[in-house]
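*Asks:* coordinates for the following, if possible.
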Amino acid sequence: MDFTVVDLARLQFAATALYHFLFVPLTLGLSFLMAIMESVYVMTGREVWRRMTLFWGTLFGINFAMGVATGIVMEFQFGMNWSYYSHYVGDVFGAPLAIEGLMAFFLEATFIGLFFFGWDRLSRAGHLAVTWLVAIGANFSALWILIANGWMQNPVGSVFNPDTMRMEVTDFMAVIFNPVAQAKFVHTVSAGYTTGAMFIMAISAWFMLRGRHLDLAKRSMVVAASFGLASALSVVVLGDESGYVATEHQKMKIAAMEAMWETEPAPAGLTLFALPGVDGNRYEVKIPWLLGLITTRSLDTEVPGIRPLVDHARERIRTGMAASASLDAIRLNPQDQQARQAFAITWHDLGYALLLKRYRDDIQNATPEEIDRAAMDTIPDVATLFWSFRIMVALGLYMIVFFATAFVLGSLHRLGNNRTLLKIALFSLPVPWIAIESGWIVAEYGRQPWAIEGVLPTFYAASGLTLVDLSISLAFFLLLYTVLLIVMVFLMLKTIKAGPGNYAMLDDEKGQPHVPSSVAA
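*Replies:* Below is the predicted model of the structure:
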């Protein structure tokens, strides 16, 4: 196996996923905020709320189009760069991915078309229903993607078939209601809601600092502050649930996030700061008991450290070698019932034996040194996870404080008069994206060395492409995505600078006619 090729395949998928995930959270957040604003318009009949819905809806549409464009390319990579992955787990992974595609390209696209072109063709209530269906459809689309991703983190409801040499679904409901998938879904969509709220806060703050469209900006900020505070608090609560679930199913990820090399007496302390190293940490600052309380919700349950988990992986590799031997016997004689019985007991550890493929093809003859090396490979990059997790948490706490302050000032009708907060809001625009991308690194990089946790090593899932093939496609995708990002930013800025004036006959509730700024100038 050429690991340069594998690394390039990983880099390409990581880059495209990071690009794609710039658009997804904003789609989730803006969709619900649009629905809230139009609900107020339908209930009050005030034109300013219609203009707000249309203005933010236009920005939503630009972002949605870019998200679809980047998402299509990313999904094609499963067959292009990860063909053995697609063969090995396609029966399980393909179903939720296909359902997501149907929802994104048929359900969402249909209702988005009605949203933009149905204002004069539908009743107010009918159009409001369409807007809510856009928001619900966007979230259902995210649900199916996260069900697929959650299965990669915790492969439930499936079994390896020795006759087809593939993972196959045995319980689709278990795949859908996978606790990891459900925890990831609610945590991810809450982060998306926070992103949408921060986006509206920042753009509205820009309008208010420039003295433009004050009626729209003030109302938008009040809605975004309230929605953002609820969402930011939800992110923390639901993130705690994600940590609890990960402690049950991805113990190595939790240990690496905390740079916890040895198992501590229960309840374990939470590391605020450290300099992680392969031989331990330096300059640790800990909060006693907190990690144990968060991850186990008890005072007497241990959180295993990295080194004991490596020892456990070593045992699973040896069991997996027995599973591999039974599988070889079945392939030679499909009627060998004794081999089938032995495989049924040990197949869960077959993926650990595949880690040895990095060092030799005949894994049955692996040496103790090779087994030790394969067991050490189960440790992800500790420093990357440690700091990515802390960046995510720190920015999440910052957003709670920011939205709480904005909510209080909005309740006191002083939000528009506080220029300091308006400037902070403007410069806080990238904060949720940095937090989300950091969280994505924790979730996906923390799963390494697995493409499917405990089932399929990442290096074993890659296609047999050449270094030249991957270099060309990587350069092409980076160029394409960068161009798309530049186009999106250009369209966003153009729409924001034009403002919401063109979306209604009236400029405010007093019935003053709107005069575009270019004409007035």
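
*Asks:* what's the burial count for Pro408?
*Replies:* I think there's a mix-up here, since residue 408 is Val and not Pro. 13 (other C-beta atoms under 10 Å). All C-beta spots, glycine's among them, are computed from the backbone N, C-alpha and C.

*Asks:* please read the previous query as pertaining to Gln337.
*Replies:* Number of residues near Gln337 (other C-beta under 10 Å) recorded here: 10.

*Asks:* from Gln250, how far off is Ala266?
*Replies:* 19 Å (C-beta to C-beta, to the nearest Å).

*Asks:* which of these two has more neighbours?
*Replies:* Neighbour count, other C-beta under 10 Å: between Ala266 and Gln250, Gln250 has more, with 21 against 16.

*Asks:* send me stretch 216-231 as CSV with only the CA atoms.
*Replies:* The C-alpha coordinates for stretch 216-231 follow below in CSV (Å, rounded to 0.1, in the frame of the first residue of the first chain):
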residue,chain,number,x,y,z
LEU,A,216,-35.0,45.6,9.2
ALA,A,217,-31.6,45.4,11.0
LYS,A,218,-33.1,46.0,14.5
ARG,A,219,-35.8,43.4,14.2
SER,A,220,-33.4,40.9,12.6
MET,A,221,-30.9,41.4,15.5
VAL,A,222,-33.6,40.8,18.1
VAL,A,223,-34.8,37.6,16.4
ALA,A,224,-31.2,36.4,15.9
ALA,A,225,-30.1,37.2,19.5
SER,A,226,-33.0,35.2,20.9
PHE,A,227,-32.6,32.3,18.5
GLY,A,228,-28.9,32.3,18.8
LEU,A,229,-28.9,32.2,22.6
ALA,A,230,-31.2,29.2,22.6
SER,A,231,-29.1,27.5,20.0
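
*Asks:* buried set for the helix or strand where Thr53 lies?
*Replies:* Using DSSP states H and E, Thr53 maps to helix 47-80. Buried positions in helix 47-80, judged by neighbour count with 16 or more other C-beta atoms under 10 Å: 47-71, 73-75, 77-78, 80.

*Asks:* what do you get for stretch 297-306?
*Replies:* Neighbour-count burial for stretch 297-306, with 16+ other C-beta under 10 Å as criterion, is recorded at Val303, Pro304, Gly305, Ile306.

*Asks:* same thing with stretch 273-286?
*Replies:* Buried positions in stretch 273-286, judged by neighbour count with 16+ other C-beta under 10 Å: Ala274, Pro276, Asn281, Lys286.

*Asks:* show me where the stretch 151-300 of the chain has helices.
*Replies:* Ranges of helices within the stretch 151-300 of the chain are 172-176, 179-209, 214-249, 251-257, 290-296, based on DSSP state H, counting those that start in this stretch.

*Asks:* hmm, I was thinking of the stretch 401-521 of the chain
*Replies:* Secondary structure of the stretch 401-521 of the chain (DSSP H, counting those that start in this stretch): helices at 419-427, 431-445, 458-461, 467-498, 517-520.

*Asks:* turn these into JSON lines, including mean neighbour count, mean pLDDT and distance to Phe402.
*Replies:* Formatted as JSON lines, the helices of the stretch 401-521 of the chain follow (neighbours: other C-beta atoms under 10 Å; pLDDT from 0 to 100; distance: least, C-beta to C-beta, whole Å):
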{"stretch": "helix 419-427", "mean neighbour count": "16", "mean pLDDT": "95", "distance to Phe402": "7"}
{"stretch": "helix 431-445", "mean neighbour count": "21", "mean pLDDT": "93", "distance to Phe402": "8"}
{"stretch": "helix 458-461", "mean neighbour count": "21", "mean pLDDT": "92", "distance to Phe402": "37"}
{"stretch": "helix 467-498", "mean neighbour count": "14", "mean pLDDT": "89", "distance to Phe402": "21"}
{"stretch": "helix 517-520", "mean neighbour count": "9", "mean pLDDT": "32", "distance to Phe402": "30"}
